[in-house]
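# I'll drop the sequence and a predicted model, then ask my questions.
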Amino acid sequence: MNQYLEVVYEVFKRKITHLVIVGGYFTLALNTKNSFIVVQRCHVDSFKASLVHPSEVSKPAILNNVASVIVANQHPSGDITPSLEDINVLKILVEAGKLLGIEVLVHLVVSNNNNFY
């Protein structure tokens with residue numbers, strides 16, 4: 001599983017390396033065989049908080065008619081420890097995914113300094 005997460009992180013890393021100041025959420029959409037379909041930035045954080053909505057994260061999955069997603073939350077600070085807000089958002093995203101029939105497989109917290117949690 002760890003090798004799989006490293007591959008996923010490398011995919012996200014290509015998208016986030018130039019986005020250092022403000023964090024956000026990315027959705028990696030997967031087909032029924034867990035092949036990558038698309039990775040898309042779906043939310044940009046404000047400077048003080050992340051007010052991501054499930055519809056923002058689900059939209060790339062719905063538009064690409066996928067079975068599951070991997071969600072990455074970028075922490076530009078470099079601290080990859082999930083915050084209480086990160087954990088609460090994940091719970092909401094998982095519940096929304098269940099309603100839509102789109103499974104949230106993994107939630108990564110990533111940074112620009114080659115770290116992920």
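Cool, the structure landed.
# Can you show me the CA trace of stretch 68-78 as PDB?
Provided in PDB are the C-alpha atoms of stretch 68-78 (Å, rounded to 0.1, in the frame of the first residue of the first chain):
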ATOM      1  CA  SER A  68     -13.800   6.300  -6.700                       C
ATOM      2  CA  VAL A  69     -11.600   9.200  -5.800                       C
ATOM      3  CA  ILE A  70      -8.400   9.900  -3.900                       C
ATOM      4  CA  VAL A  71      -8.500  13.300  -2.200                       C
ATOM      5  CA  ALA A  72      -5.400  15.400  -1.400                       C
ATOM      6  CA  ASN A  73      -5.300  18.300   0.900                       C
ATOM      7  CA  GLN A  74      -2.300  20.600   0.300                       C
ATOM      8  CA  HIS A  75      -0.700  22.100   3.400                       C
ATOM      9  CA  PRO A  76       1.700  24.800   2.100                       C
ATOM     10  CA  SER A  77       3.100  25.300   5.600                       C
ATOM     11  CA  GLY A  78       4.900  22.000   5.300                       C
END
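# I92 contacts P54, doesn't it?
Yes. If you go by C-beta atoms under 8 Å, I92 and P54 touch, sitting 5.9 Å apart. C-beta coordinates here come from the backbone N, C-alpha and C atoms, glycine included.
# out of the two, which sits in the more crowded spot?
P54 (17 against 13; other C-beta atoms under 10 Å).
# Tell me which residues touch that one, please.
I92, L93, A96, G97 (C-beta atoms under 8 Å, 6 or more residues apart in numbering).
# repeat that with 7 Å
I92, L93, A96 (C-beta atoms under 7 Å, 6 or more residues apart in numbering).
# Kindly report the same for S111.
Shown in contact with S111 (C-beta under 7 Å, 6+ apart): H75, G78, I80.
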